[in-house]
Every structure is written in structure tokens, then in C-alpha cells.
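*Asks:* For reference, the sequence and a predicted model appear below.
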Amino acid sequence: MAEPAAPGGRASTTAPAEPVLEVSGLVKHYPLTQGVLFKKQVGAVRAVDGVDFVLGRGETLGIVGESGCGKSTVAKLLCHLERPTAGTIRYRGEDVTRLSGRALKAVRRNVQMVFQDPYTSLNPRMTVGDIVGEPYEIHPEAAPKGDRRRRVRELLDVVGLDPDYVNRYPHQFSGGQRQRIGIARGLALRPEVIVADEPVSALDVSVQAQVINLMERLQDEFDLSYVFIAHDLSIVRHISDRVGVMYLGRIVETGTDTEIYEHPTHPYTQALLSAVPVPDPEARAHRDRIILSGDVPSPAAVPSGCRFRTRCFKARERCALEVPELAVPAEFRHQQGPAAHDSACLFAAERQVVR
């Protein structure tokens, strides 16, 4: 980003006061098959394998992790672009995984998505006015037909674009402007929740801060709740109230931005944070650097027990036998402080070992 992300960029909250989305035991497996005429299932890709979190009203939940950890699949499940294999997604207390037809369509109006790549998420054959106004064709009750053009112009103005651009095409805009168009489209139906899947990763560094600042302003203006998915730790910290760290289909640590960034207890989170560039040479010289061994296992063949154990510097024999629970470690349960947050590690209280 053009501007450094200030520590604790948004106010931290320990738990959402008014839940909007409640995700419990969310699972998405893709079958692996053999054969051409007579296909036989021989396994499954466990893209998402038991994810739990709560999103509060007006809150930003950041989800961070390496490529392939299941972040984007979670985004598709939340927006009902994919059907979960198991688990529940409750919007305002109602399990939307059981809905279909008009009932599901009504929920989709309130949970919208901003896609990663502004170059491919906009139809090049449609004008900006048609792109931003397309949600009104699907949900005609959201705006009278004669009033849609005016609303589209207002949306362009809200995201910082000239309303007179309604007749232009996507190729006439820069990457940052295209993402603003995508955000305007996401706002068209006045949703309560926006799922942003890597919304700035395809943009130049100089433009990322502008888009993040825009999203923060829109959140305050429209009382939005965000699920913000990214792999850039500094951006996630800048915008998020709470953070969930994903590894191989599961959330392995979750807490406020201060808890995660200043007092990480899971070895995977510690390794991720140790790789973040530090501009201060003196601080960089005295910082521990954790180098993980091996590669991320295939989601089609996850390790037994703790799925991070094959790369973990704390791993012991017990880690292959027990699946760690995402909870406050026993050593911290009777304490108050930033270390007392949920972590799926059997040895979370141990001092990290640097390789």
C-alpha cells in the first residue's frame, strides 16, 4: 500500500454484539473420480473442512492465509455460489443453506460479493451503467424501472467516479477504477454484508490504499459488515476488527487484530508474521525469522491429527494423533490479556523455536 498500515487500524472488538452471519461446521469437499463412462469416486479435495466464525453488524472480519487454503471457497459458500457439503450459514438467525427459490434470492440481495480481478469480473460488452444497474434486473423490486439510471449515477459518484461515465466500457478504465465499478455494483441493492475476495490483490500498490480507504468510508456510510479475504497481512490488519488465519481448509487461530498481530500463539501465524517485511533495519535485525520446512500438503490427502504438523517447528508425536480444538489454550483460560484467544495448537503456550 502507498501508506503504511497503522497497527490496530480499526477498533478491536472481542465479540460481535449483534451477529449478522454465523458460520458453523462449514465443509466443502469436491469429489475425485476415476473412469470415463462409469465414474467411481476415489477420494475428495477437502477445500473447506470445518470452518466456524461469527460476523457482527458493522464489523470487518479478515480471513488470511496462503493460496490454496480455502479462503475463496469460503467466499463462494457465503454468497451461495457454491452449495456446502455440510455445515450451516445463518443470516440473521436463519439457516440459508436450506433455502431455495425466492427465499434464497432474498438473502442473496443482502449478501453481495466484490471479486478479486476487476479485469475479468466486468463484462467487456456492457457499459458501466448496465453493469452497475444489472442487479436491478435480477431484483426489480429494489428500484423502480424509471429511477434506476439515477441510482446508477449516484452509485458511481459514491465510489468516486464521474456519473457521466455511465456510457463508457470497462476497457476505458484503469484497474483501480474498474474495482470501484465492481464495488458500486455490489452496493446497488443496499446489502448488509459484502464478501470481498482479494479485492486489491490485482491492483498496483499505489492504488491499494485508495480502494481500502474507500471501503472503510463506505462501511461507515452504509453500515456494512465485511468479510475481507486476503493474503497480505498488512492490508488485513489495516481494515479488520477481527482476524481468522486459515490453513488447509480450517481456521487455526482467531482473535482481534491486536491479539493476532502482537501475540500470535499458533506456529503458522507466527511464521506468517515473521515473513512480513519490516522497514526499520534495526528492528529487522533483532526479529526472529521462522522458515517453514516442506510444502503445503494436498487438500486431497491432509495429514492426520494437526494438519500443520508436517511443517511445524513445535510438532511432536502427539500432534499426529490428536486434532487440536480451536479454543483458548488451557494455559491462558484463567488469564486476561491478548494471549487468551482461540488457537488450534496443542502447544500454543510454548515459546516459539526459530529455525
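*Replies:* Good, I have the coordinates. Being a predicted model, the structure only gives us computed values, none of them experimental.
*Asks:* From now on I want contacts and neighbour counts done on CA atoms only, so please keep to that.
*Replies:* Fine.
*Asks:* Confirm for me that R148 is in contact with G133.
*Replies:* Yes - here R148 reaches G133: they are 6.8 Å apart, a contact under Cα atoms under 8 Å.
*Asks:* between these two, which one's more packed in?
*Replies:* A direct count of neighbours by other Cα atoms under 10 Å for R148 and G133 places G133 higher, at 24 against 20.
*Asks:* and the nearest residue to that one once chain neighbours are set aside, how many neighbours does it have?
*Replies:* Leaving aside its sequence neighbours, G133 sits nearest to V152 (Cα to Cα, 6 or more residues apart in numbering; 6.0 Å). If you count neighbours by other Cα under 10 Å, V152 ends up with 24.
*Asks:* helices and strands around the strand or helix carrying V152, which ones?
*Replies:* If you go by DSSP states H and E, V152 is part of helix 148-158. Helix 148-158 sits against helix 128-138, helix 175-187, with contacts defined as 3 or more Cα pairs under 8 Å, 6 or more residues apart in numbering; DSSP states H and E.
*Asks:* In the shortest one, which residues are buried?
*Replies:* By neighbour count, and taking 16 or more other Cα atoms under 10 Å as the criterion, the buried residues in helix 128-138 are 128-136.
*Asks:* Quick check: buried residues in the helix holding V152?
*Replies:* 148-149, 151-156, 158.
*Asks:* that older thread, distance of the residue nearest to G133 from Q335?
*Replies:* 52 Å (Cα to Cα, to the nearest Å).
*Asks:* Likewise for S234?
*Replies:* 28 Å.
*Asks:* So for those two, which sits in the more crowded spot?
*Replies:* Neighbour comparison, S234 and Q335: the larger count goes to S234, with 19 against 10 (by other Cα under 10 Å).
*Asks:* nearest to V23, of the helices and strands packed on helix 148-158?
*Replies:* Among those, the nearest to V23 by Cα to Cα is helix 175-187 (21.6 Å).
*Asks:* From the contact counts, what lies against the closest one?
*Replies:* The elements that helix 175-187 packs onto, with contact taken as 3+ Cα pairs under 8 Å, 6+ apart, are strand 111-114, helix 128-138, helix 148-158, helix 205-222.
*Asks:* Could you point out which of the ones you listed sits nearest P297?
*Replies:* Set against P297 and scored by Cα to Cα, the helices and strands packed on helix 175-187 come closest in strand 111-114, at 29.1 Å.
*Asks:* E82: what's its closest spatial neighbour, skipping adjacent residues?
*Replies:* K76 (5.6 Å).
*Asks:* pLDDT value on that neighbour, please?
*Replies:* K76 is assigned a predicted lDDT (pLDDT) of 95.
*Asks:* That one touches I89, doesn't it?
*Replies:* No - contact criterion Cα under 8 Å: K76 and I89 do not qualify, at 12.0 Å.
*Asks:* Between these two, which is the more surrounded one?
*Replies:* I89 (25 against 16).
*Asks:* What's the separation between the closest residue in space to Q34 that isn't next to it in sequence and P31?
*Replies:* Using Cα to Cα, 6+ apart and skipping the chain neighbours, the partner closest in space to Q34 is K40 (5.3 Å). For K40, the distance to P31 (Cα to Cα) stands at 10 Å.
*Asks:* ditto for G186
*Replies:* Distance of G186 to P31, given as Cα to Cα: 32 Å.
*Asks:* so T73 touches D49, yeah?
*Replies:* No - counting by Cα under 8 Å, T73 sits too far from D49 to count as a contact (10.7 Å).
*Asks:* ok, which stretches of this protein are helices?
*Replies:* Secondary structure of the chain (DSSP state H): helices at 71-78, 101-110, 128-138, 148-158, 175-187, 205-222, 233-239, 257-262, 267-274, 281-285.
*Asks:* how big is the angle separating the first one from helix 101-110?
*Replies:* Angle, helix 71-78 to helix 101-110, by axes from the mean of the first three to the mean of the last three Cα atoms, to 10 degrees: 130 degrees.
*Asks:* With the third one instead?
*Replies:* Between helix 128-138 and helix 101-110, the angle formed by their directions is 140 degrees, by the same axes, to 10 degrees.
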